[in-house]
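**Q** Mind looking at a prediction? Sequence and model below.
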Amino acid sequence: AQQVETKARGMIQTLLANAAQHVADAKAQWAMDKASHLARLSNEHVAELAAQRHTLESEFRKQLDAHLETTAQTHAELTTLISERDTKLEAITGVVHRHIITIQSLEQRLEFQQDGGAKEIEQVRRQLLETTHEVAAKQARVATLETDLSRAHSELARVKQVATGLCDAMARISQAVAKSGQTKPFPDWDSDMASGECWPRGWKKAVHSWIDNTLAAIATSQDNAIASAVQPFKDELQRAPQVLGRKDSGDVSKSVLAMAAPVAEELGVAKHTIARLTDECSRLQTELSAAKQQRDDLHRRCSQLADDKVELETFLDLAGQDRKAAQAQFSTQLQEAYVQSEEALHQAKTAAAHEMERIQRECRQAVHDLQDEVDYQTRQHAKLRASAAEQVGARFSSCGYARRVDDCYHGGYHWLGKQVET
């Protein structure tokens, strides 16, 4: 009886230790699974954010390259146009200088004919000099336009630098997010689960299945431990009726009734057997009482294990709620970071587009103004040429020499007009 009691106590203590160890292992395993699951979700979000960042960066670089190419083409066109205008202005300046030389020669010739025409010639010369100064002012304006174009290129470089800074900020955000969860993957995760989505397919079903399997394993371990502890007592209870209902001595007495001599000896043996059976019944009664007490203890332990199971389920529910809250918070933070980076990138693109449009408008307006100014100067030269021809013709139409001078003068003006038109 003492050995059975000692064995039962040892089994109960082992059961308690195994149950406590199993509960501790389950809690530790749940903590590890929770951390690994959150880390996996973090890695997936980091990968998705990196892919989105790479796509946005590629699109932005393509648009920026397109804008830079358009700006380069516009700059080349403006440079070509300015070069053509410079060439035309140089040609006009040369024609004007030749015209001045011609007028000076005419002035020298006319000084010998009539001193009265010196004032008109001087006035024409001053007008031509003023025209020359105006042409020089236009050249200075062209230089100012080139300076403005250089300033526009500097502003474009600054916008490009700002865009590069935004891209670096997005990279740092991605790196900071990537550093927040570098742990092992979830050990019981399904291998064929889609990893490219923000929320993998079947994650809730997989986690619930793992929780159910864990709880079922705990319940199975509890049932097996209880069955192992109670089985020896069930075996003793099954053997008790066999011991109490022995009929060996009765069979023996039936076989020896015909014998008179051994009756006394058989009766003595029967008394001894009855005494032994009585002692055995007492011992079995004691063992039965101890077994009932142990059964009550086991029932209390089972109740305690049931309470522990409920507590563990509550803990699992709370852990699931914490996990959902952490996932929701993490998703919200990632969404906010993505929206902010998207807004900053859109603002940078909009600012760059507006700046390019403004530069193009200013360049077109400057070219148009320069064209109008050149046309105006051409008309002024034509008017001045006609006025000078009329004045010289009216002064010297009375004499043949003056007529020859007038013909030479008109011939010079016609030649000058052809040169200007060319």
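**A** Here it is on my side, so go on.

**Q** State the distance from residue 62 to residue 69.
**A** In this view, residue 62 and residue 69 are 11 Å apart by CB to CB, to the nearest Å. (Glycine included, C-beta is placed from N, CA and C.)

**Q** Give me the mean pLDDT for stretch 368-387.
**A** Computed over stretch 368-387, the mean pLDDT rounds to 69.

**Q** helices or strands next to the helix or strand harbouring residue 12 in the packing?
**A** Assigned by DSSP states H and E, residue 12 belongs to helix 2-113. If contacts are counted by 3 or more CB pairs under 8 Å, 6 or more residues apart in numbering; DSSP states H and E, helix 2-113 sits against helix 118-179, helix 203-244, helix 262-395, helix 400-421.

**Q** Could you tell me the least trusted of those?
**A** Taking the mean pLDDT of these, helix 400-421 comes last: a mean of 47.

**Q** Next one: residue 44 from residue 317, what distance?
**A** Residue 44 sits 25 Å away from residue 317, going by CB to CB.

**Q** Same question for residue 11.
**A** Taking CB to CB, one finds residue 11 at 33 Å from residue 317.

**Q** Between the two, which has more neighbouring residues?
**A** Neighbour count, other CB atoms under 10 Å: between residue 11 and residue 317, residue 11 has more, with 17 against 11.

**Q** how far away is the more buried one from residue 36?
**A** With CB to CB as the criterion, residue 11 and residue 36 are 36 Å apart.

**Q** for residue 129, same thing?
**A** 90 Å.

**Q** Pick out whichever of the two has more residues nearby.
**A** Ranked by neighbour count (other CB under 10 Å), residue 129 and residue 36 place residue 36 first, with 18 against 12.

**Q** what pLDDT does that one get?
**A** 84.

**Q** What distance do you get for it to residue 3?
**A** In terms of CB to CB, residue 36 sits 47 Å off from residue 3.

**Q** got it, and residue 77?
**A** 108 Å.

**Q** These two: which is more packed in?
**A** residue 77 (12 against 7).

**Q** pLDDT score for the more buried one?
**A** Residue 77 is assigned 80 on the pLDDT scale.

**Q** Would you mind measuring from it to residue 70?
**A** The gap separating residue 77 from residue 70 is 11 Å, by CB to CB.

**Q** what's the answer for residue 59, then?
**A** Using CB to CB, residue 59 is found at 17 Å from residue 70.

**Q** With residue 9 instead?
**A** In terms of CB to CB, residue 9 sits 91 Å off from residue 70.

**Q** again with residue 26
**A** Taking CB to CB, one finds residue 26 at 65 Å from residue 70.

**Q** out of those two, which sits in the busier spot?
**A** Ranked by neighbour count (other CB under 10 Å), residue 26 and residue 70 place residue 26 first, with 17 against 12.

**Q** Just the pLDDT for the more buried one.
**A** For residue 26, pLDDT reads 79.

**Q** Also residue 251?
**A** 45.

**Q** Residue 117 too?
**A** 50.

**Q** start the count at 205, not 1, going forward
**A** Got it, first residue is 205 now, which makes that one residue 321.

**Q** Flag every buried residue along stretch 206-220.
**A** Neighbour-count burial for stretch 206-220 flags 212, 215-216, 219 (criterion: 16 or more other CB atoms under 10 Å).

**Q** Can you tell me which of these lies closest to residue 511?
**A** Residue 511 has its nearest neighbour among these in residue 219, at 15.8 Å by CB to CB.

**Q** Distance-wise, check that closest one relative to residue 274.
**A** On the measure of CB to CB, residue 219 and residue 274 end up 81 Å apart.

**Q** Residue 259 too?
**A** To residue 274, residue 259 is 23 Å away according to CB to CB.

**Q** what's the answer for residue 215, then?
**A** Separation of residue 215 from residue 274 (CB to CB) stands at 87 Å.

**Q** ditto for residue 505
**A** According to CB to CB, residue 505 and residue 274 sit 83 Å apart.

**Q** With residue 243 instead?
**A** As judged by CB to CB, residue 243 and residue 274 stand 46 Å apart.

**Q** Next: residue 306.
**A** Relative to residue 274, and taking CB to CB, residue 306 is found at 47 Å.
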